[in-house]
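**Q** please find the sequence and the predicted model below.
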Amino acid sequence: MTGLLASVKNPEEARQAAAGGADLIDFKDPVRGALGGLPGEVIARGVEAVAGRRPASATVGDPPMEPDQLMPAVREIAEAGVDLVKVGLDGPADLTRSVIDALVPAAEDGVALVAVLFADRSPDLGIIPALGAAGFRGVMLDTAGKGAGSLPAHMTQPELAEMVAEARKQELLTGLAGSLRVADIRDLLVLEPDFLGFRGALCGQEGREGILDPEALADVRSRIPASEGLLGKACADAEGAAAR
Ligand SMILES: O=C[C@H](O)COP(=O)(O)O
């Protein structure tokens, strides 16, 4: 079953996204980039706005980030109360590897980390086993440049299928995103990722930096069969981590 991730930029949009049936509420500031970070305090209020009704995720900000900047950012976002903390992995292979290594203590402390790889920046999908070994909870694809087409313009269906299969082998949650349009949904559902992620397609005319459009959300929602799976899995995992 595939869930619908809706990226929101404030508590009001979080409420709207939950009311519109999004399965996962994802906090980010679209004006600040593909993975633009929001202040922890805004995320905390957003989490409160949907408390108990939906799992939430948030990004620590756009990469590249030096390994020593990352831990404080990850801790701040985790403390804001989200279930999943998204970290973009971009840049040379040795930096990516050191970022993964630097995050192992956070994973060991129960922070559910989701690595975000960028389909339009020649991502190294060979790192997926390292994510599993480092204790990440998930991996997703997004696009760094928002003006150059949606995810399927950058990776073929067999490449996407391989990514999902490898992630699943590592027992990672899988997400697909990147300027997804309504027309992309049908083919991507065939791959059965745990979630499909949207911002631009939920904002109508104004695009991803505009405001959430409930009608656009309803349209996307109607094309993705309702899913209990992601909600249950993310919440159970988060509760398990909290109990440890
Ligand atoms: O995490 C998913 C993203 O927010 C997708 O944003 P986008 O649809 O504007 O590329």
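**A** Everything's here; your move. Numbers count the residues shown, from 1 in each chain.

**Q** show me the contact partners of stretch 26-37.
**A** 5-9, 14, 38, 42-43, 46-47, 56-63, 73, 77, 82, 86, 88, 116, 118, 142-146, 197, 199, 208-209 (CB atoms under 8 Å, 6 or more residues apart in numbering). For glycine as for every other residue, the C-beta is placed from the backbone atoms N, C-alpha and C.

**Q** out of these, who's near the ligand?
**A** Subset of those in contact with the ligand: 5, 7, 142, 143, 146, 197, 199, 208, counting by CB under 6 Å from any ligand atom.

**Q** what's the farthest-apart pair in the residues you listed?
**A** Maximum pairwise distance in these, criterion CB to CB, is 16.1 Å, between 5 and 146.

**Q** neighbour count: the two, which is higher?
**A** Neighbour totals were compared for residue 5 and residue 146, and residue 5 leads with 27 against 19 (other CB atoms under 10 Å).

**Q** wait, a strand at the more buried one?
**A** Yes - Residue 5: assigned to a strand according to DSSP: H, G, I helix; E, B strand; the rest coil.

**Q** give me the three-state assignment for the closest residue in space to it that isn't next to it in sequence.
**A** In space, and not counting its chain neighbours, residue 5 is closest to residue 197: 3.9 Å by CB to CB, 6 or more residues apart in numbering. Of the three states, residue 197 takes strand under three-state DSSP.

**Q** pretty sure residue 197 contacts residue 174?
**A** No - at 10.9 Å, residue 197 and residue 174 do not qualify as touching, with contact defined as CB atoms under 8 Å.

**Q** joint contacts of those two?
**A** Contacts common to residue 197 and residue 174, judged by CB under 8 Å, 6+ apart, are residue 140.

**Q** how about the contacts made by the residue lying closest to residue 190 once chain neighbours are set aside?
**A** Spatially, and ignoring its direct neighbours in sequence, residue 190 is nearest to residue 157 (7.9 Å; CB to CB, 6+ apart). Applying CB under 8 Å, 6+ apart, one finds that residue 157 lies in contact with 187, 190, 191.

**Q** from the residues you listed, keep the buried residues only.
**A** residue 191 (16 or more other CB atoms under 10 Å).

**Q** nearest to residue 216, of the contacts of residue 157?
**A** The closest of the contacts of residue 157, once distances to residue 216 are taken by CB to CB, is residue 187, at 19.7 Å.

**Q** is whatever helix or strand the closest one lives in up against the ligand anywhere?
**A** Here residue 187 sits within helix 185-190, counting by DSSP states H and E. No - counting by CB under 6 Å from any ligand atom, the ligand has no neighbours in helix 185-190; the shortest distance is 11.9 Å.

**Q** restricting to C-alpha, output that helix in PDB.
**A** The C-alpha trace of helix 185-190 is given here as PDB (Å, rounded to 0.1, in the frame of the first residue of the first chain):
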ATOM      1  CA  ILE A 185       0.800   8.700 -10.200                       C
ATOM      2  CA  ARG A 186      -0.500   5.600 -12.000                       C
ATOM      3  CA  ASP A 187       2.900   4.300 -13.100                       C
ATOM      4  CA  LEU A 188       4.600   5.000  -9.800                       C
ATOM      5  CA  LEU A 189       1.900   3.200  -7.900                       C
ATOM      6  CA  VAL A 190       2.800   0.000  -9.800                       C
END
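
**Q** who does it touch, helix- and strand-wise?
**A** Helices and strands touching helix 185-190, by 3 or more CB pairs under 8 Å, 6 or more residues apart in numbering; DSSP states H and E, are helix 151-154, helix 157-169, strand 195-198.

**Q** number of nearby residues for residue 186?
**A** 10.

**Q** ok, it touching residue 225?
**A** No - contact criterion CB under 8 Å: residue 186 and residue 225 do not qualify, at 11.5 Å.
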